[in-house]
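Trainee: Fold the stuff below for me.
(chains A, B, C and D)
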2 protein chains.
Amino acid sequence: MSDSPKSTIPTRASGAPLYAQVRNTLVGRLVKGVWAPGDALPSEFELAAELGVSQGTVRKALDSLAADNLVVRRQGSGTFVAEHDESRILFQFFRLAPDTGEPTFPESRLVSLRTGPAQPEEARVFSVTEGVDVFRIHRVRSLSGRGVIAERIILLASMFPGLDGAKSPNNLYGLYAHRYGVTVARAHERLKAIGLPEEEALLLDSDPGTPALLIDRVAYGLDGSVVEWRVAHCLTDEFHYATDLK
Amino acid sequence: MSDSPKSTIPTRASGAPLYAQVRNTLVGRLVKGVWAPGDALPSEFELAAELGVSQGTVRKALDSLAADNLVVRRQGSGTFVAEHDESRILFQFFRLAPDTGEPTFPESRLVSLRTGPAQPEEARVFSVTEGVDVFRIHRVRSLSGRGVIAERIILLASMFPGLDGAKSPNNLYGLYAHRYGVTVARAHERLKAIGLPEEEALLLDSDPGTPALLIDRVAYGLDGSVVEWRVAHCLTDEFHYATDLK
DNA sequence: CAGTGGTCTAGACCACGAC
DNA sequence: TCGTGGTCTAGACCACTGT
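Mentor: Model prediction:
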């Protein structure tokens, strides 16, 4: 029996499934900023034709991006690049809620914004050499009009040039996305209970040693690089950190 | 042109998509215990033939169950009912990890197991009337040989008859599943930082008032009912609560 | 009404696991 | 070698959105 050429279609070039390759291609375009947050992507048929795969394969790639909150799909309308608006932040990246009542987005008050050389621990988190310039933002966030979060944010100056001249908005992830084209895709948090340090106690109008929730968050971009390091001290007498396990 | 009968197949009886109906059917069978944890489900083709839908529709339902960790799919082998073994618990329901080193499953020491009438707050959590019988389990859990978690567990006696005569195993969710056919499918946790109460301080060999992580967990079964209420006090000087946001 | 994503089907081939 | 799930395709129809 002679072997007939079975495949004239672009079969698995590398080891990865086609839909994964399509996904990677699309993520690469998101990283490059080919489409801005809020923009519509080409339709499934257009992408399929351009990439030389079937519509079903493009669909599987887009569904996977939607599952990771990188795009939003709207029936009858199209597929859109996800935006870091307050409602998404509240849903995806802000887990502190009042014990009674609906979650609300906190207001921020800037305490300080300084530039300096990266200390050893900072260099380790960002995988850079010691001494490169970093921004250090210090701010207090309020829920229901009461200051309950004191947080310190570390950023690479090279990733956010000119940031120290900007005002510190309430929604930093929206600023990263719209002004710098840097999208926070996911984050890892480590929580501890500690006694409130003196400096944070002053900012939160509390006594040093008050039990507080320490939240240590490292945020990652679309390409997997570390975008931000954030350490927050939270008072949890009227609030709690909520999470779902499934 | 005459209108020909387009659909001879079992189209959307109700408003829900077919694959969602298939999923609900399969979840119903899991609740009834048609297949036990670890059992293989029928193949996609068999389920498709039995339910009168295509293999692709069954596949979409099974993929959705796998995404919720209710079944495990193994290429070349089959689709199996998920088990509450220690590795799954560690991955899915246990978020406390040592600051340095790999996460490990904690050991448990039973402090007490008593029966009593449900107090108002307990009745509210379980949506039952006050006074129905509940079990109250109190135990201390150790990581790396050190007691770091003191937890109180509330269960409905009607859901776990005879539990008070059983030994309290390390892995309670495995006991619920194998002995009572009750599967914990998901849980909701609320975290706070508090000063360690006197009773927990004694159990954990610490001073009262030490900052501790309070974890309040409500666990839900496959059918959405409340299975367990668990309140834990955790020392986090050498451990942390880890979670991913995405 | 045209265009989009959502659902459903049918059939092919591939990769893996058990026997 | 056979049966399983995994991938990929192709085409039909449905449901929704905007014009």
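Trainee: Just list the residues touching residue A:198, thanks.
Mentor: With contacts defined as C-beta atoms under 8 Å, 6 or more residues apart in numbering or on different chains, the neighbours of residue A:198 are residue A:208. In this view, the C-beta of every residue, glycine as well, is placed from N, C-alpha and C.
Trainee: Report the separation between it and DNA strand C.
Mentor: Per C-beta to the nearest atom of the strand, to the nearest Å, residue A:198 is found 52 Å from DNA strand C.
Trainee: what's the answer for residue A:38, then?
Mentor: 15 Å.
Trainee: Go ahead and confirm that residue touches residue A:79.
Mentor: No - taking contacts as C-beta atoms under 8 Å, residue A:38 lies outside contact range of residue A:79: 11.8 Å.
Trainee: Between these two, which has more neighbouring residues?
Mentor: Each of residue A:38 and residue A:79 has its neighbours counted (other C-beta atoms under 10 Å in any protein chain shown); residue A:79 has more, 23 against 13.
Trainee: show me what contacts the more buried one?
Mentor: Residue A:79 makes contact with A:40, A:41, A:43, A:44, A:62, A:66, A:71, A:72, A:73, according to C-beta under 8 Å, 6+ apart.
Trainee: didn't the last one look like it was pressed against residue A:62?
Mentor: Yes - checked against C-beta under 8 Å, the pair residue A:73 and residue A:62 is within contact range at 6.8 Å.
Trainee: who's more crowded, these two?
Mentor: In terms of neighbours (other C-beta under 10 Å), residue A:62 is the more surrounded of residue A:73 and residue A:62; the figures are 21 against 15.
Trainee: Now do the contacts for the more buried one.
Mentor: The contact partners of residue A:62, taken as C-beta under 8 Å, 6+ apart, are A:26, A:41, A:44, A:47, A:71, A:73, A:79.
Trainee: check which helix or strand covers it.
Mentor: Assigned by DSSP states H and E, residue A:62 belongs to helix A:55-67.
Trainee: does any bit of the helix or strand following that helix sit next to chain B?
Mentor: Downstream of helix A:55-67, the next assigned helix or strand under DSSP H and E is strand A:71-74. No - Strand A:71-74 does not reach chain B (C-beta under 8 Å from any C-beta of the partner chain); its nearest approach is 13.8 Å.
Trainee: what about strand A:71-74 and DNA strand D, touching?
Mentor: Yes - for strand A:71-74, a contact with DNA strand D is found by C-beta under 7 Å from any atom of the strand, at residue A:74.
Trainee: coming back round to it: closest to residue A:104 among the contacts of residue A:62?
Mentor: Using C-beta to C-beta, residue A:71 is the member of the contacts of residue A:62 that sits closest to residue A:104, with 26.7 Å.
Trainee: Not counting sequence-adjacent ones, nearest residue to that closest one?
Mentor: Distances taken as C-beta to C-beta, 6 or more residues apart in numbering or on different chains place residue A:65 nearest to residue A:71, at 4.6 Å, with adjacent residues excluded.
Trainee: residues making contact with the helix or strand harbouring residue A:116?
Mentor: Element membership for residue A:116, per DSSP H and E: strand A:107-117. Strand A:107-117 has contacts (C-beta under 8 Å, 6+ apart) with A:130-142, A:147, A:157, A:163-164, A:167-170, A:203.
Trainee: if we look at chain B, which of those are close to it?
Mentor: Within the contacts of strand A:107-117, nothing lies near chain B by C-beta under 8 Å from any C-beta.
Trainee: Just the ones in helices from those, please.
Mentor: Among the contacts of strand A:107-117, DSSP state H puts residue A:203 in helices.
Trainee: Filter the contacts of strand A:107-117 down to the buried ones.
Mentor: Taking 16 or more other C-beta atoms under 10 Å in any protein chain shown as the criterion, what is buried in those is A:134-141, A:147, A:157, A:163, A:168, A:203.
Trainee: Spell out the residue ranges of the helices in chain A.
Mentor: Secondary structure of chain A by DSSP H: the helices cover A:18-32, A:44-51, A:55-67, A:86-92, A:120-126, A:172-180, A:198-203.
Trainee: Need the residue closest to the centroid of chain A.
Mentor: Taking C-alpha atoms, centre = their mean, the centroid of chain A lies closest to residue A:184, which sits 2.5 Å from it.
Trainee: wait, that one sits on residue A:89?
Mentor: No - counting by C-beta under 8 Å, residue A:184 sits too far from residue A:89 to count as a contact (9.3 Å).
Trainee: Could you tell me which residues touch both of those two?
Mentor: Here residue A:184 and residue A:89 have residue A:173 as joint contacts, going by C-beta under 8 Å, 6+ apart.
Trainee: Let me see the domain layout of chain A.
Mentor: Following automatic domain parsing, one finds the domains of chain A at A:18-81, A:89-241.
Trainee: For DNA strand D, what's the nearest residue on chain A?
Mentor: As assessed by C-beta to the nearest atom of the strand, DNA strand D sits closest to residue A:76 within chain A, at 2.2 Å.
Trainee: May I have the phi/psi pair for that residue?
Mentor: Per-residue torsions, residue A:76: phi 80, psi -10 (degrees, to the nearest 10).
Trainee: so how far is residue B:72 from it?
Mentor: Distance of residue A:76 to residue B:72, given as C-beta to C-beta, to the nearest Å: 36 Å.
Trainee: between those two, which one's more packed in?
Mentor: Neighbour count, other C-beta under 10 Å: between residue A:76 and residue B:72, residue B:72 has more, with 16 against 4.
Trainee: Would you mind listing what in chain A touches chain B?
Mentor: Residues of chain A lying close to chain B by C-beta under 8 Å from any C-beta are A:68-69, A:92-93, A:95, A:185-195, A:211-214, A:216-217, A:234, A:236-237, A:240-246.
Trainee: now, which of those residues lie within strands?
Mentor: Among the residues of chain A next to chain B, the ones falling in strands (DSSP state E) are A:185-195, A:211-214, A:216-217, A:234, A:240-245.
Trainee: Close to DNA strand C: what parts of chain A are there?
Mentor: Residues of chain A found near DNA strand C (C-beta under 7 Å from any atom of the strand) are A:6-7, A:12, A:41, A:43-46, A:56, A:59, A:62-63, A:73-79.
Trainee: Repeat the analysis, applying 10 Å as the threshold.
Mentor: Contacts of chain A with DNA strand C, taken as C-beta under 10 Å from any atom of the strand, map to A:4, A:6-7, A:11-12, A:15, A:17, A:40-48, A:54-56, A:58-59, A:62-63, A:66, A:71-80.
Trainee: So among those, which ones count as buried?
Mentor: Buried members of the residues of chain A next to DNA strand C, counted by 16+ other C-beta under 10 Å: A:41, A:44, A:47, A:48, A:58, A:59, A:62, A:71, A:72, A:79, A:80.
Trainee: Save the residues you listed as TSV, and put in distance to residue B:230 too.
Mentor: Output for those, formatted as TSV (distance: C-beta to C-beta, whole Å):
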residue	distance to residue B:230
A:41	44
A:44	45
A:47	47
A:48	49
A:58	44
A:59	41
A:62	39
A:71	37
A:72	35
A:79	41
A:80	40
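Trainee: From residue A:91, how far off is the residue lying closest to residue A:22 once chain neighbours are set aside?
Mentor: Excluding the flanking residues, the one nearest residue A:22 by C-beta to C-beta, 6+ apart is residue A:61, at 3.9 Å. Plainly put, residue A:61 is 23 Å away from residue A:91 if you go by C-beta to C-beta.
Trainee: Give me the neighbour count for residue A:129.
Mentor: Counted by other C-beta under 10 Å, the residues lying close to residue A:129 total 8.
Trainee: give the contact list for it.
Mentor: Taking C-beta under 8 Å, 6+ apart as the criterion, residue A:129 is in contact with A:118, A:123.
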